[in-house]
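Novice: Provide a 3D model corresponding to the input given below.
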Amino acid sequence: MTEETADRYLLHYADKLKGEDLPVLRAALIAAPEYKRKALLGVKLYKPLLTLVFSLVFGMLAVDRFYIKDIGKGILKVLSLAALTILTILYRIYATQLIYRENFSGFFSFTGVLILFAIIFYAITFIELFLCYRKTKKKNLEKLLAALR
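Specialist: Modelled structure (predicted):
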């Protein structure tokens, strides 16, 4: 494949890959035989922008992880949401009992623990937004390189 043709392919795939991965793909495209070009047309790539939207809208439900076929981390994310939900329900029951007993020191310490867990969960969800976006681009490169082999 000529360098000009490889550059055209890179322009086509540039939004679906990380910038630092473009030279790797370019070298693989130039080294690949001509018939491999047709194999690239059938490669179904993930859309990083769609992953970003899934992360923003349905991030806590792990739709973004399931979209990029990262099932293990998706299940872990759903289980952590379930744990936070159960903890919230237990908090409401326990907090109501503490308020009726007028034990406000226990109430505030338990509230602090719940708030800490919630902050950690939401921070991880926010960080996951960027991690899923980058993972999508990495998986796209792996798919393209596999098609060129």
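Novice: what kind of secondary structure is I120 in?
Specialist: Following DSSP: H, G, I helix; E, B strand; the rest coil, I120 is assigned to helix.
Novice: quick one: it and T85, what's the gap?
Specialist: Using CB to CB, to the nearest Å, I120 is found at 15 Å from T85. Every C-beta, even on glycine, is put in place using the N, C-alpha and C of the backbone.
Novice: Next: L17.
Specialist: Separation of L17 from T85 (CB to CB) stands at 37 Å.
Novice: Please say which of those two ends up with more neighbours.
Specialist: Higher neighbour count among L17 and T85: L17, with 20 against 10, using other CB atoms under 10 Å.
Novice: Spit out the contact partners of that one.
Specialist: Residues in contact with L17 (CB atoms under 8 Å, 6 or more residues apart in numbering) are 25, 137, 140-141, 144.
Novice: Look up phi and psi at it.
Specialist: phi -130, psi 160 (degrees, to the nearest 10).
Novice: May I see the buried residues of the lowest-mean-pLDDT helix or strand in the chain?
Specialist: Least confident helix or strand of the chain, by mean pLDDT, DSSP states H and E, is helix 36-41 with a mean of 78. Neighbour counts using 16 or more other CB atoms under 10 Å place 37, 40 of helix 36-41 among the buried residues.
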